[in-house]
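Below: sequence and its predicted model.
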Amino acid sequence: MNQALSSIIPNDWQRWSKARPTVVRALTGGLTNSAFLLESAGQQMVLRINSSISEQLNLDRAAEQQALHSATVSGSCAPLIYCDPLYKYLVTGFVEGTPWDKNTPRSLERVADLLRRIHSAPAIDAQLDIREKISSYRPFIDRRASFSQLLDTLQERLAPLIGRAYQFSDGYHLCHNDLSGGNLIERPSGRLYAIDWEYAAMGDRFYDLAVLVEEHSLDLAAQNQLLECYLNRTVTPKDNQRLQLWQFIYGYLCVLWHGVQWSNQTARSSEQREYIVRKAQQLLDSVSAHGLK
């Protein structure tokens, strides 16, 4: 282990480890954090150091801690070991496995089982309010950006759809809200776990389903199979409409997220700007094509 990696071990490591941990390797991180695989007394752990941009991305670290406690109870996550009281870092167990593959046999059954475990976990204090989330992103997006007016138009078109989506709601459940490819880990036994609970909150469970569908590009047949496995009943047109509404809403939040990221970079990438414009226009076209006004 080189000196640079050694220096990332928090000074208060004694609070959560019997022996000083060593860094095995850096793990894939991102805009919101850096992550490292640690080993101490034969135990592997993950140290995640939070980014300073957490506020701009409206990340509730206290809610994340609660969600990890709750998901640990339901067996849905890598167990929480320690959370820094100032929310600068946290430590969890390490789930050894491979990313979830939608193309393997019974893959949709396994991910539906994980979703049911997550959504049946004990409640936490935080709720995902879509309108509030949108409002929290917009001040951090440069109003002079070439895509700003397009985002305004998209928000105007989606506003009534948000209300319609909430009309379908059957109550609030714990939701992960970020079930992308890297956040779904399958152990050799076939059991799935979710990692990186930064966006977790109480919300509509179909939002979680929409995130999964969008992030893994599930086609209509796979969507119906997922819903059938998750609901354990025949899928209705109402179920499909509810899922579609949340897909549109999630798509808009993703565009805003990238807008925040682009706006808060010192060197603003033209490729990322073009990506935001393209995704926003595609979403606007999709809403129009489905006759949702």
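Looks like it arrived, so ask away.

Quick check: pLDDT value at residue 111.
The model reports residue 111 with a pLDDT of 98.

Backbone dihedrals for residue 23, please?
Torsion angles at residue 23 (phi, psi; degrees, to the nearest 10) stand at phi -90, psi 120.

and it, how many neighbours does it have?
Neighbours of residue 23 under the rule other C-beta atoms under 10 Å: 18. Glycine gets a C-beta too; all of them are placed from N, C-alpha and C.

Kindly report the same for residue 123.
The burial count for residue 123: 12, using other C-beta under 10 Å.

Can you name the residues bridging to the nearest residue to it once chain neighbours are set aside?
Closest residue to residue 123 apart from its sequence neighbours, by C-beta to C-beta, 6 or more residues apart in numbering: residue 202 at 6.0 Å. Listed beta-bridge partners, residue 202: residue 127, residue 174 (assigned using DSSP bridges).

My guess is residue 202 contacts residue 121. True?
No - with contact defined as C-beta atoms under 8 Å, residue 202 does not count as touching residue 121 (10.3 Å).

hey, what's in contact with both of the two?
Contact criterion C-beta atoms under 8 Å, 6 or more residues apart in numbering; residues shared by residue 202 and residue 121: residue 174.

Just want to know which of those two has more residues nearby.
Between residue 202 and residue 121, counting by other C-beta under 10 Å, residue 121 is the more crowded of the two (23 against 20).

Of all residues in this protein, which one is nearest the centre?
residue 178 (1.5 Å; C-alpha atoms, centre = their mean).

Give me the mean pLDDT for stretch 94-101.
For stretch 94-101, mean pLDDT rounds to 94.

got a list of contacts for it?
By C-beta under 8 Å, 6+ apart, the residues outside stretch 94-101 that reach it are 37, 44-46, 78, 107, 110-111, 181-182, 184-188, 192-193, 195.
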